[in-house]
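Participant: Kindly return the folded structure for what I paste below:
(chains A, B and C)
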Amino acid sequence: MSVLARSRSAATALLPFALVLVVGVLLLISVSAPPLEVFRLIFQGALGSQAGLSTTLMVWVPLVLAAAGLVVTFTAGLWNIGIEGQIIVGAVAGALVARTVIGPPLLVIPLLILAGAVGGMLWGLLVGVLRVYGRVNEIFGGLGLFFVATGLVVYLVIGPWQRAGSASTSGTDLFRREAWLPRAGGWRFSWVALGLAVALVVGVYLLMRGTRFGLRLRAVGRNGRSAFLMGITTNRHLLAAFALCGALGGLGGALHAAGFHHKLVPAVSGGYGFLGILVVLLAGFRAVWIAPIAFFFAVISVGSTQLQLRLQLHSSLAGVLQGVLVLCALLVGGWQLRRAHLSRRRAEEGG
Amino acid sequence: MSLELRGIHKRYGSVRANDGVDLILEAGSIHGLLGENGAGKSTLMKVLSGFVAPDSGRVLLDGRPVRLGSTRAAIRAGIGMLHQDPLVFLPFTVLDNFILGSGRRVRRAAARRDLQRMADQFGFRLDPEAPARSLTVGERQQLEIVRLLWLGARVLILDEPTTGISATQQERLFATLRALAEQGMIVAFVSHKLEEVEALCRRVTVMRRGRVVGEADLPCPTERLVEMMFGRVQVPVVRERAAPGDAVLELQGMRPADRGVAESHTLAVGRGEVIGLAGLEGSGQRPFLRTCAGLQRPAEGRIRVAGRDLTRARYREFRRAGVHFLPAGRLEEGLISGLTLTEHFLLASPGGSFVIDWAQAEAEAAATIAENLIVGSPRSAAEELSGGNQQRLLLSLMPSEVQVLLMEHPTRGLDLESADWVWRRLLERSRRGTAIVFASSDLEELLRYSDRILVFFAGKVLREVPAETISGEDLGYLIGGKDPR
Amino acid sequence: MRTKWTWVVVLAVFALVVAACGDDAATTTTAAPTTTGAETTTTGAETTTTGPAEQLVFGMILVGPYNDRGWSQAHYEAGQYLEEKLGARMIYLDKVNTADRPETTVDQVAAQMIGEGAQLVFATSDDMRDGIELAAELYPDVPMVWSSGDSAWPEAGAAYRPDLANLANTMGRMEYGKMMAGCAAALSSEAGKIGFLGPLINAETLRLASAAYLGARYCWEEFRGEDPATLAFRVDWIGFWFHIPGLTIDPTQVANDFVDSGIDVIISGIDTTEALVVAGQRSAAGATVWAIPYDYHGACDEAPQVCLGVPYFNWNPAYLRLAQSVLDGTFRAEWEWFGPDWDDINNMETSGIGFLPGTALTGENLALLEQFIDGLADGSINLFTGPLNYQDGTPFLGDGEVATDVQVWFMEQLLEGMVGASRPS
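Facilitator: Purely as a prediction, here's the structure:
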């Protein structure tokens, strides 16, 4: 790749951010909020203090894990919208361990993490089985199973796992301390969660980039028919992609429940799965970019509470900002798609 | 009336698709534009029809400059383009497609009368209320021609129009084009098929690598045209026929599970034997080949490969038994868009380590590329290759040991040189014992390379003929369902 | 292609210019909060001559939107009251719940507020127990208040956290407000069918629903002379204090179901005003239905024509006492359960619980309601007096037994005679 082409592709990757900046500034000015101060506060709130940075990191973990999982399914040409449900089921499985296994952290926490991954994996596989054997499009299957997962978690929280004397959708009792992820010194994030997330993101990158499995997934994703004719077991690869994505999402859910909320809350998935889809879209389906982009999203999510605390800006402004980000991402994504299409067409014409 | 192109330049990245092309088209005769795949013919015609904008250069109609920027502007200027694969909206009716894109308010009844009148004039049989889905490629072309004329086209450009249409439809098309030229229209015929150009055109322009390399009035010696196209004369491969070995593919009363199939097949193909499947498209060759490849289970009968019964086996077991299938759609069912050549070689090579050593893989890919004369680099994407190179790539992806090779249209859309190379490779395999079964609509290819030809008609094998003894004319009769005797 | 890039450049330049202008705006506006704060201080100093030299900064963590015309707005306005009275500065964050802000927990918000300089933090929902207790552990020197909690109450059993010396509790005796609401409902109902739109099930909500029932039953029997057995009182729970799509049952749906089943008065137990809004809509469509919202004194405004009145919290006196104690250095982790100022239950300076009659309450019924309130005030009416049974028949209070605070606070079920779930199904 030439230097020019490389800088161009970097420019395309950065374009959404530039667009967000522009639209964000215009938006903030329109509600007479000071743009620079708003951006400064977001970054300061998310990164400027121990508490803020810890929160940002702990939000980053499930987000980046979901995104890493989605890179796998997107590579296989699948829209695993059901990732949100897989996160929830992972959290539920983790909570099950936290509530039933009594023992030292060294026993409980690995079990909890494993349970989360397995729970998410099974939920993901279910979408895959529906898709591969039941001919149910994974978008519908995933959405359906997401609603089932939501129903399940709400049922558990206000039903069998309700707190003593109360049935509120706000969550179960806190886990026993042995099931809390150990914190890093005086900080509120957990090395366990962070380390796992970093290792797995790197792992997914290597898997997609440097192994035959990743290559075959790409082949299946880009042209399942050709891949099949080449002798690749397409169904098995699709199922593997769902399983892997579900496991990563479920792991994120379990880590989030045990390391952040310290209990099971119905909204444990926190929209990280859906946000993860946007992260991956923004990253252009490439694993390298998901870590920084997920971090950027985490910063905005966490830092935006500062806007209200400091500037008394209406609390929905942060939501609007995120909405703008999403829209810009989609816009630029669509634009990039068109560009890729155009250049492909040109390549064909040139041939 | 005349249409003149002056100094047309068009670049795609580093490729000069058109490098200063000058061309004059006169009314009253059919003008051929000849060249190999990738010579720049299609780009030039797309410039002319407003589909792409040139980097520089002018288009003059009757000496007046024409502003082209879109297909709409082109058709307004009276230039109509008939694409290789006519753009037809399948769910709509013929009449809808006829009216669509006219850009003006039309009364259906009037349009319907126009459609019928013009179709009758050319002897086309187009039912206005039939769904477009039911049309063959040839009928879609007819619809498109009528539509372009109705929109006021005075210049008609046809890009490789004979691909995928039947011989009768081709005759009808040529007759129509001659009639249009006689009526004073400008007709440009783009092709890489010498015979067609020789049969149809009065004058021909030959392009190579983005430039015009010569013009000639027809008729003129074929060798001269070939020399202009390729820079050298092709020597046709002469097939040395050997006696087939033991049966490697055996069909016993095998009937493909397909509605169009009327009869079961019993057939034994020996080692090193080449079987050609002739027939109009949709006559049953496709389900036949796909069933032999293990892609669909037969409705009845048995399939044996190298002595093993694979009747109820899955595709993967067919592959393991040495059956290899090369479908017609190279980018749809063979290669994978977006993946590089290196990646294709990796996918095709079974086993190997889980972790990929990219440096080594690219080095190996470069060697394979050189060995197979593919124009491309280890990092080129499959879709960036020209059709001929895609076919070379597909052949190079084939495992070294293949018992039975099944192919659909192995040289469709390829220039002579590529087609020749492909067949040299295939025959080499055949000499080593691979049995080849291929479907083709190219009579010359069938006659030249097959040992036996199965002529398909209406879902069954009409006749099995030895390739050596049958003439092209007789084969044509059989394909049309008529017995020559 | 070239033109597209030109556009990008133009936009980027425009953004930079705007941002640069915005910078000026930023410098002025950044200063603004401080300036306004200072202004508030000065005005505060002018109005309250005893205004302190040092400005109190306090945090207010709200579970719903600050303008919900319900629970959260009542707290928010009490915060504004403190700003006005003490020249204090409020830092607030609303919608602190896992559905609205999944990346936010109460302890983090408290930590951020303390980082902003808060010397006192209010966590204003019973749902914030875990978070505020954690924050109190992490910041033992910062006074905190958990409204509606019981962590500082020695009688609370397992919930009592004597280790948290900086976490006080405060709550109002809303059972009085709910009794008044129940009475107004029973006086107005033509069908003798009352619906209670319940939030989630816990001791507090069981207590409040039961209080509403007791008030309704009393007025049905005593003022209308009807048989208590003919009064239908149904409770439906949505699962949280307000509607969270997907996680809770839709209160609008529940309210409509109430009306469809013949109920003509809906008493809201949730933080938002769906019951009143639905009653207004159905009434406009020809149905005879009234509603009684909750929490906030201005809650009737959404549909005054069907509003029989609103029992509300007035956190002003309690929060003023707590804030003043922080300034005085006398803050202590105590549990407080304040009641109405019986001299004038709607006095915003003194009464923590009030009931504002709505325009839909007839003059005749208003007079009866006032008679009922007088009875509550002088103690002649104490509805938590036995015999009272729980829903499943187990005795709650023996004959003539008057409930203690502990008994009322920790109710275990709905009362006999009420229809609805006492435990989640």
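
Participant: Assign the closest residue to chain C within the stretch 1-150 of chain B to helix, strand or coil.
Facilitator: In the stretch 1-150 of chain B, the residue that lies nearest chain C is B:Ala53 (11.4 Å; C-beta to the nearest C-beta). Bear in mind the C-beta positions are built from the backbone N, C-alpha and C, glycine included. Following DSSP: H, G, I helix; E, B strand; the rest coil, B:Ala53 is assigned to coil.

Participant: which residue packs closest to it, ignoring adjacent ones?
Facilitator: B:Gly69 (6.1 Å; C-beta to C-beta, 6 or more residues apart in numbering or on different chains).

Participant: Just the element for the closest residue to B:Arg125 other than its chain neighbours, please.
Facilitator: Excluding its sequence neighbours, the residue lying closest to B:Arg125 (C-beta to C-beta, 6+ apart) is B:Ala119, at 7.2 Å. Assessed by DSSP states H and E, B:Ala119 sits inside helix B:108-122.

Participant: quick one: contacts for the residue of the stretch 301-450 of chain B at minimum distance from chain A?
Facilitator: Using C-beta to the nearest C-beta, the closest approach of the stretch 301-450 of chain B to chain A is made by B:Ile336 at 4.4 Å. Residues in contact with B:Ile336 (C-beta atoms under 8 Å, 6 or more residues apart in numbering or on different chains) are A:Arg218, A:Ala219, A:Arg222, A:Asn223, A:Ser226, A:Ala227, B:Glu343, B:His344, B:Leu347, B:Ala382.

Participant: could you pull out the helices for the chain?
Facilitator: Reading this off chain A. Counting by DSSP state H, chain A has these helices, from start to end: A:3-30, A:35-47, A:50-75, A:83-100, A:105-132, A:138-158, A:191-210, A:212-222, A:224-229, A:234-256, A:272-282, A:287-303, A:305-311, A:316-350.

Participant: looking at chain C here, not the other one
Facilitator: Counting by DSSP H, the helices of chain C are C:2-47, C:71-86, C:106-115, C:129-138, C:174-188, C:203-222, C:251-260, C:274-284, C:316-328, C:363-378, C:405-409.

Participant: Could you export the fifth one as CSV, CA atoms only?
Facilitator: Going back to what we said before, that points to helix C:174-188. The C-alpha trace of helix C:174-188 is given here as CSV (Å, rounded to 0.1, in the frame of the first residue of the first chain):
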residue,chain,number,x,y,z
MET,C,174,-46.8,9.1,53.3
GLU,C,175,-49.3,6.6,54.7
TYR,C,176,-51.3,9.6,55.9
GLY,C,177,-51.2,11.1,52.4
LYS,C,178,-52.3,7.7,50.9
MET,C,179,-55.1,7.5,53.5
MET,C,180,-56.4,10.9,52.3
ALA,C,181,-56.0,9.7,48.7
GLY,C,182,-58.0,6.6,49.5
CYS,C,183,-60.7,8.6,51.2
ALA,C,184,-61.0,11.0,48.3
ALA,C,185,-61.2,8.0,46.0
ALA,C,186,-63.9,6.3,48.0
LEU,C,187,-65.9,9.5,48.3
SER,C,188,-65.9,10.1,44.6
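
Participant: same for that helix, what does it pack against?
Facilitator: Helix C:174-188 sits against strand C:193-198, helix C:203-222, strand C:265-268, strand C:290-292, strand C:309-313, strand C:353-357, helix C:363-378, with contacts defined as 3 or more C-beta pairs under 8 Å, 6 or more residues apart in numbering or on different chains; DSSP states H and E.

Participant: ok so, going back, surely the residue nearest to B:Ala53 and B:Ser49 touch.
Facilitator: No. With contact defined as C-beta atoms under 8 Å, B:Gly69 does not count as touching B:Ser49 (11.4 Å).

Participant: Tell me which of the two has more neighbours.
Facilitator: B:Ser49 (25 against 10; other C-beta atoms under 10 Å in any protein chain shown).

Participant: quick one: contacts for the more buried one?
Facilitator: Contacts of B:Ser49 by C-beta under 8 Å, 6+ apart are B:Leu68, B:Thr71, B:Ala74, B:Ile79, B:Gly80, B:Met81, B:Ile157.

Participant: Report how many residues lie close to residue 334.
Facilitator: Defaulting to chain A. 11.

Participant: was after chain B, sorry
Facilitator: B:Gly334: 23 neighbours (other C-beta under 10 Å).

Participant: Please apply the same query to A:Arg286.
Facilitator: 15.

Participant: B:Pro399 now?
Facilitator: 12.

Participant: mind listing what the closest residue to it other than its chain neighbours touches?
Facilitator: Among residues not flanking B:Pro399 along the chain, B:His324 sits closest, at 6.8 Å (C-beta to C-beta, 6+ apart). Neighbouring residues of B:His324 by C-beta under 8 Å, 6+ apart: B:Met398, B:Pro399, B:Val402, B:Val404, B:Leu405, B:Leu406.

Participant: Same list, those, but as a markdown table with distance to A:Ala199 and secondary structure please.
Facilitator: Output for the contacts of B:His324, formatted as a markdown table (distance: C-beta to C-beta, whole Å; DSSP: H, G, I helix; E, B strand; the rest coil):
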| residue | distance to A:Ala199 | secondary structure |
| --- | --- | --- |
| B:Met398 | 40 | coil |
| B:Pro399 | 38 | coil |
| B:Val402 | 43 | coil |
| B:Val404 | 47 | strand |
| B:Leu405 | 46 | strand |
| B:Leu406 | 47 | strand |
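
Participant: Tell me where the stretch 201-350 of chain A is predicted with low confidence.
Facilitator: A:314-316, A:318-319, A:322, A:326, A:329, A:333, A:336-337, A:340-350 (pLDDT under 70).

Participant: if you set the cut-off to 80 instead, what comes out?
Facilitator: A:282-286, A:304-350 (pLDDT under 80).

Participant: Can you name the residues of it that neighbour chain C?
Facilitator: By the rule C-beta under 8 Å from any C-beta of the partner chain, the part of the stretch 201-350 of chain A lying against chain C is A:260-263, A:265-272, A:298, A:301-302, A:305-306, A:308-312, A:315.

Participant: same thing but at 6 Å, please
Facilitator: Contact residues, the stretch 201-350 of chain A versus chain C (C-beta under 6 Å from any C-beta of the partner chain): A:Val265, A:Pro266, A:Ala267, A:Gly270, A:Ser301, A:Val302, A:Thr305, A:Gln308, A:Leu309, A:Ser315.

Participant: could you check the distance from the third one over to A:Gly224?
Facilitator: Using C-beta to C-beta, to the nearest Å, one obtains 36 Å as the distance from A:Ala267 to A:Gly224.

Participant: Comparing those two, which residue is more hemmed in?
Facilitator: Shown here are A:Ala267 and A:Gly224; by other C-beta under 10 Å, A:Ala267 has more neighbours (23 against 18).

Participant: give me the residue from the stretch 251-351 of chain A nearest chain C.
Facilitator: Closest point on the stretch 251-351 of chain A to chain C, by C-beta to the nearest C-beta, is A:Gly270, at 2.9 Å.

Participant: Grab the nearest non-local neighbour of that residue.
Facilitator: C:Pro102 (2.9 Å).

Participant: could you measure A:Ile83 against chain C, distance?
Facilitator: 15 Å (C-beta to the nearest C-beta, to the nearest Å).

Participant: How many residues are close by the residue lying closest to that residue once chain neighbours are set aside?
Facilitator: Distances taken as C-beta to C-beta, 6+ apart place A:Gly273 nearest to A:Ile83, at 3.7 Å, with adjacent residues excluded. Using other C-beta under 10 Å, A:Gly273 has 30 other residues around it.

Participant: Tell me which residues touch A:Gly273, please.
Facilitator: A:Gly273 makes contacts with A:Ala66, A:Ile83, A:Glu84, A:Ile87, as judged by C-beta atoms under 6 Å, 6 or more residues apart in numbering or on different chains.
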